[in-house]
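Novice: Got a predicted model here, sequence first, then my questions.
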Amino acid sequence: MSARPLPGPPAARRTIVMGVLNVTPDSFSDGGRYLHADAAIARGLALAECGADIVDVGGESTRPGAERVAPQEELRRVLPVVTALAGEGVPVSIDTMRAATAHAAVAAGACLINDVSGALADPRMARVAADTGVDFVATHWRAPSSRMDDRDHYDDVVADVAAELAARVDALVRAGVRRDSIVLDPGLGFAKVTDSNWPLLSRMQEWSAGHRVLIGASRKRFLGAVISRAGNPEPGPKHRAHATTAVTTLAAAAGAWGVRVHDACAARDAIAVVSAWQNAAKATR
């Protein structure tokens with residue numbers, strides 16, 4: 001498989017698909033399925049074949065209530081997978097809150113750092129992002145997973161998230177990170193249990209401040225809360241697939257740079273439909 005460059009901003013290209021690859025025993029949707037390197041590598045290759053433009057490799061669960069894993073264990077889980085996938089020409093991002101893991105993964109071939117803490121969990125992360133020069137996803141984050149639900153308090157969730165993300169961007173730029181390399185993620189589900197997520201999706205332009213946007217809604221519990229029905233009050237992660245595709249479609253139509261998903265095939269199809277629709281609309285003007 002030859003290396004493929006990542007598509008550019010949505011104004012120039014379609015929304016990219018970031019495929020989730022959890023090399024963990026306890027992730028909320030697929031924990032344990034890809035814990036061993038061989039299974040994880042095979043899954044990463046399958047995601048790329050299904051249409052993932054980038055495969056996001058993570059060795060530590062950030063599900064609600066999750067505890068941190070030891071740094072060396074995180075490295076043991078992710079480095080063989082990153083190395084193998086990058087060696088096969090698959091664009092890889094590293095999903096980590098640790099600077100040492102990010103640095104090692106970029107050295108092994110990762111082309112993007114995806115830090116769900118926005119460089120708050122490890123004060124060395126901003127310097128790694130600056131020194132490596134790769135794109136950096138800064139997620140809105142208020143507390144570790146073990147206590148993040150307690151921080152779901154906002155005067156105005158869009159205004160508050162916008163201000164907190166702007167502070168993250170300023171801190172990263174002061175550390176030497178290029179402003180145009182920063183991608184913003186509103187942190188759906190992070191210190192946002194249910195209703196706090198929807199305004200961030202519907203008012204994306206208000207908090208993104210012109211930055212590229214990554215939306216990570218895939219199979220999350222706030223989707224389950226919306227699609228619950230009599231007899232099935234809390235649909236589990238695998239039953240949130242159609243709701244995930246709906247969010248992918250709407251995010252692509254709204255101009256999101258990327259979507260982070262478990263099902264790359266469904267996301268790629270949804271984005272193709274959005275692109276066809278938008279291209280036809282432009283042709284008739």
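Specialist: Sure, I can see it. Remember, it's a predicted structure, so these values are computed and weren't measured experimentally.

Novice: What score does residue 50 have for pLDDT?
Specialist: Reading off the confidence values, residue 50 has pLDDT 95.

Novice: Verify the stated contact: it with residue 262.
Specialist: No. Contact criterion C-beta atoms under 8 Å: residue 50 and residue 262 do not qualify, at 10.8 Å. From N, CA and C alone the C-beta is placed, and that goes for glycine too.

Novice: what's the overlap in contacts for the two?
Specialist: residue 19 (C-beta atoms under 8 Å, 6 or more residues apart in numbering).

Novice: Okay, strands next: where are they in the stretch 51-200 of the chain?
Specialist: Counting by DSSP state E, counting those that start in this stretch, the segments of the stretch 51-200 of the chain that form strands are 54-58, 92-95, 112-115, 135-139, 182-185.

Novice: So which of residue 50 and residue 262 has more stuff around it?
Specialist: residue 262 (21 against 16; other C-beta atoms under 10 Å).

Novice: Next one: that one from residue 216, what distance?
Specialist: In this view, residue 262 and residue 216 are 10 Å apart by C-beta to C-beta, to the nearest Å.

Novice: Please apply the same query to residue 146.
Specialist: For residue 146, the distance to residue 216 - C-beta to C-beta - is 19 Å.

Novice: what's the answer for residue 227, then?
Specialist: 18 Å.

Novice: Then residue 285?
Specialist: 33 Å.

Novice: try residue 261
Specialist: The value you get for residue 261 to residue 216, if C-beta to C-beta is used, is 8 Å.

Novice: okay, these two: which has more neighbours?
Specialist: Set side by side, residue 261 and residue 216 show more neighbours around residue 261, with 28 against 25, by other C-beta under 10 Å.

Novice: The more buried one and residue 21 touch, don't they?
Specialist: No. Residue 261 lies out of contact with residue 21 (C-beta under 8 Å); the separation is 11.3 Å.

Novice: which other helices and strands contact the helix of greatest length in the chain?
Specialist: Ranked by residue count and defined by DSSP state H, the top helix of the chain is helix 264-283. Here helix 264-283 touches strand 16-22, helix 37-50, helix 241-253, strand 258-261, going by 3 or more C-beta pairs under 8 Å, 6 or more residues apart in numbering; DSSP states H and E.

Novice: wait, which of the ones you listed is closest to residue 193?
Specialist: helix 241-253 (16.2 Å; C-beta to C-beta).

Novice: Name the surrounding residues that touch that closest one.
Specialist: 10, 14-15, 201, 204, 213, 215, 217-219, 223-224, 226-227, 259, 261-263, 266-267, 270-271, 273-275, 277-278.

Novice: hmm, 7 Å instead?
Specialist: Residues external to helix 241-253 that are found in contact with it (C-beta atoms under 7 Å, 6 or more residues apart in numbering): 15, 201, 215, 217-219, 223, 226-227, 259, 261, 263, 266-267, 270-271, 274.

Novice: picking that back up, would you put the C-alpha positions of the longest helix of the chain in CSV?
Specialist: Below are the C-alpha coordinates for helix 264-283, written out as CSV (Å, rounded to 0.1, in the frame of the first residue of the first chain):
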residue,chain,number,x,y,z
ALA,A,264,-15.0,3.9,8.1
CYS,A,265,-17.1,2.4,5.3
ALA,A,266,-20.3,4.0,6.5
ALA,A,267,-18.6,7.3,7.0
ARG,A,268,-17.0,7.3,3.6
ASP,A,269,-20.3,6.6,2.0
ALA,A,270,-22.1,9.3,3.9
ILE,A,271,-19.4,11.9,2.9
ALA,A,272,-19.6,10.8,-0.7
VAL,A,273,-23.3,11.5,-0.7
VAL,A,274,-22.8,14.9,0.9
SER,A,275,-20.2,15.7,-1.7
ALA,A,276,-22.4,14.6,-4.6
TRP,A,277,-25.3,16.7,-3.2
GLN,A,278,-23.2,19.8,-2.7
ASN,A,279,-21.5,19.5,-6.2
ALA,A,280,-24.9,19.2,-7.8
ALA,A,281,-26.1,22.3,-5.9
LYS,A,282,-23.1,24.3,-7.1
ALA,A,283,-23.6,23.2,-10.7
